[in-house]
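Colleague: Need coordinates for the below:
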Amino acid sequence: RARRAQPYLPGSATQAQAPMNMLIFSSHQSFQRYFGARPFAGFMQPSLTTSTLVIAPHRGDRAIEETARHEYAHYLLRNRLDVSLPVWFDEGLASLLSNIAVNGDSVTIGRLPLQRMQSLFAKNNTWPLDVRQVLNADDLSGWPPDRIGQFYAYSWLLTHYLMFDPDERQIQLQNYLAEREAPLAKYLGYNNSSLERRLQRYSSHRAPQRSEAYPPAPDLQLSTRCLSPQERDITIAAALIDHSPGNALELLQPYLEAFPDDPELLVMVSRAQAGQGEGDTAIELAEKALALAPDNAAVLINIGNRMTDDCLLRRSDECREIWRESLPHYQRALELDMTRFDAVFGVGLAYLHAGRPGEAVNYLKVVYSRVPWAVPVNFYLGESYRIIGDSRAQLYLRNAYNWSQHELWRKLAAMALEELSG
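Modeller: A predicted model of the protein is given here:
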């Protein structure tokens, strides 16, 4: 339950969280058929309107529960405001919160698999990690699976050490996460070598745990409904679009051929085509959807996004005019549905690219308050603050750098941070 995790979450909570869906595959093989071979059993697929936790069975039902809790912890962390999370803490806390034990009316938090932790420091560990590598890691995409496994274990051990006894270390960790003005070692008062020795000793003793009351769940009236094949494929395609737009297209194309005038299908295929780099096709589909449903918020947002795809990272007189032309689509979408934060985001970007960063901040702050985990929102909010000379830029640009799985966003954030420090 979310409230069990609250004492361990840094920063402050958003007032309203984006909706969350959970997509659980029947087997790891079926997961790989859509998403390819991946060195993990689940991931969180965020967007400006909802978050989807994608889970693949791995090593039995127990692992499904742990993976679901792990990804849900990421969801909770991404819904915290004004905090910059390094990768090691993001993964370490998710591991810590996923490995709980429920016994009747109590729950035990802080269980630590000591044998796994001790193996990190074993002499027969062929490629051991050191604490400096863990603290500085910001992109695991190129790491081999065994190395990633060690990183997760080391991050878990480090997070446990900092969060469980004594209170002083918890305060030091909180200050570090809130400020990030110096390396972690400076906040702790000792260097990395000393921290590594302490972690090795910590792994050789019984780790402290906490037991808390776990009240019974309220009675819920649940009902089940099987998805139709079309609903199933569209749900999977929605989770695929950002990761594998080609695979999403394979799922969507037969339905679009059967229902060529379905605006929602046209929007999804338009997005997938854009992800494939097929800009002309994407805009044609977006325009067709607009002609069919001119008062559909999703259609209006999509046409605005497709119009500006080539101008997100390019500034020119032509792009300023394109952003000016896209603005009414986003504004009309907001008139139709005030909950569409992707439309608020579009308005903010239109103002930013029109040379009005101060006005852009007002809109981007609204979006950030709802989806503080979104990499583009952090980047553009940080960039807007940087342009107007506000020191808050660093926090958001650092988040964009740390959280992005795409090299482009990381390069952009790194360049902006370099300009900020220069």
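Colleague: Flag the shaky bits of the stretch 101-250 of the chain, pLDDT-wise.
Modeller: Residue ranges of the stretch 101-250 of the chain with pLDDT under 70: 215, 217-218, 220.
Colleague: show me where it has helices.
Modeller: 114-119, 131-136, 145-163, 167-179, 184-188, 192-203, 229-240, 245-258 (DSSP state H, counting those that start in this stretch).
Colleague: I'd like to know which elements the fifth one is packed against.
Modeller: Counting contacts by 3 or more C-beta pairs under 8 Å, 6 or more residues apart in numbering; DSSP states H and E, the secondary-structure elements packed against helix 184-188 are helix 167-179, helix 192-203. All C-beta atoms are positioned from the backbone trio N, CA, C, and that covers glycine.
Colleague: what sits up against it?
Modeller: 135, 169, 172-173, 175-176, 191-192, 194-195 (C-beta atoms under 8 Å, 6 or more residues apart in numbering).
Colleague: If you tally nearby residues, what's the number for residue 50?
Modeller: Residues near residue 50, counting by other C-beta atoms under 10 Å, number 13.
Colleague: distance of it from residue 21?
Modeller: 6 Å (C-beta to C-beta, to the nearest Å).
Colleague: Whichever strand or helix holds residue 386: how far from the chain's middle?
Modeller: Here residue 386, judged by DSSP states H and E, is contained in helix 375-387. Here helix 375-387 is found 16 Å from its chain centre; the criterion is C-alpha atoms, centre = their mean, to the nearest Å.
Colleague: before we move on, what about stretch 122-138?
Modeller: With C-alpha atoms, centre = their mean, you get 25 Å for stretch 122-138.
Colleague: which outside residues touch that stretch?
Modeller: Residues contacting stretch 122-138 (C-beta under 8 Å, 6+ apart): 86-88, 119-121, 146-147, 150-151, 154-155, 158, 183-184, 192, 195-196, 199, 401-402, 410.
Colleague: Drop anything exposed from these.
Modeller: Taking 16 or more other C-beta atoms under 10 Å as the criterion, what is buried in these is 86-88, 120-121, 147, 150-151, 154-155, 158, 184, 192, 195-196, 199, 401-402, 410.
Colleague: how many other residues sit next to the closest residue to residue 183 other than its chain neighbours?
Modeller: Excluding its sequence neighbours, the residue lying closest to residue 183 (C-beta to C-beta, 6 or more residues apart in numbering) is residue 135, at 7.1 Å. Look at residue 135: counted by other C-beta under 10 Å, it has 20 neighbours.
Colleague: Quickly note the distance from residue 135 to residue 151.
Modeller: Applying C-beta to C-beta to residue 135 and residue 151 gives a distance of 11 Å.
Colleague: which neighbours do the two share?
Modeller: Joint contacts of residue 135 and residue 151 (C-beta under 8 Å, 6+ apart) are residue 88.
Colleague: Grab the nearest non-local neighbour of residue 360.
Modeller: For residue 360, the spatially nearest residue (C-beta to C-beta, 6+ apart) is residue 352, at 3.7 Å.
Colleague: contacting residues around the residue nearest to residue 36 when sequence neighbours are not counted?
Modeller: Residue nearest to residue 36 in three dimensions, not counting chain neighbours: residue 244, with 6.9 Å by C-beta to C-beta, 6+ apart. Contacts for residue 244 were tallied using C-beta under 8 Å, 6+ apart; they are 34-36.
Colleague: do residue 99 as well
Modeller: 66, 111-113.
Colleague: Which one of the residues you listed sits in the busiest neighbourhood?
Modeller: residue 112 (22 neighbours).
Colleague: which residues touch it?
Modeller: 99, 156-157, 160, 207.
Colleague: next one: residue 252
Modeller: Per C-beta under 8 Å, 6+ apart, neighbours of residue 252: 233-234, 237, 265, 268-269, 272.
Colleague: ok, now with 6 Å
Modeller: Taking C-beta atoms under 6 Å, 6 or more residues apart in numbering as the contact definition, residue 252 lies against 237, 268-269.
Colleague: any weak-confidence spans in the stretch 301-422 of the chain?
Modeller: Across the stretch 301-422 of the chain (using pLDDT under 70), the flagged ranges come out as 405, 422.
Colleague: can we see that at 50?
Modeller: Nowhere does the stretch 301-422 of the chain drop to pLDDT under 50.
Colleague: All the helices of it, residue numbers only.
Modeller: 317-336, 341-353, 357-370, 375-387, 393-403, 407-421.
Colleague: Could you list every helix and strand that the last one packs against?
Modeller: Packing contacts for helix 407-421, counted by 3 or more C-beta pairs under 6 Å, 6 or more residues apart in numbering; DSSP states H and E, involve helix 375-387, helix 393-403.
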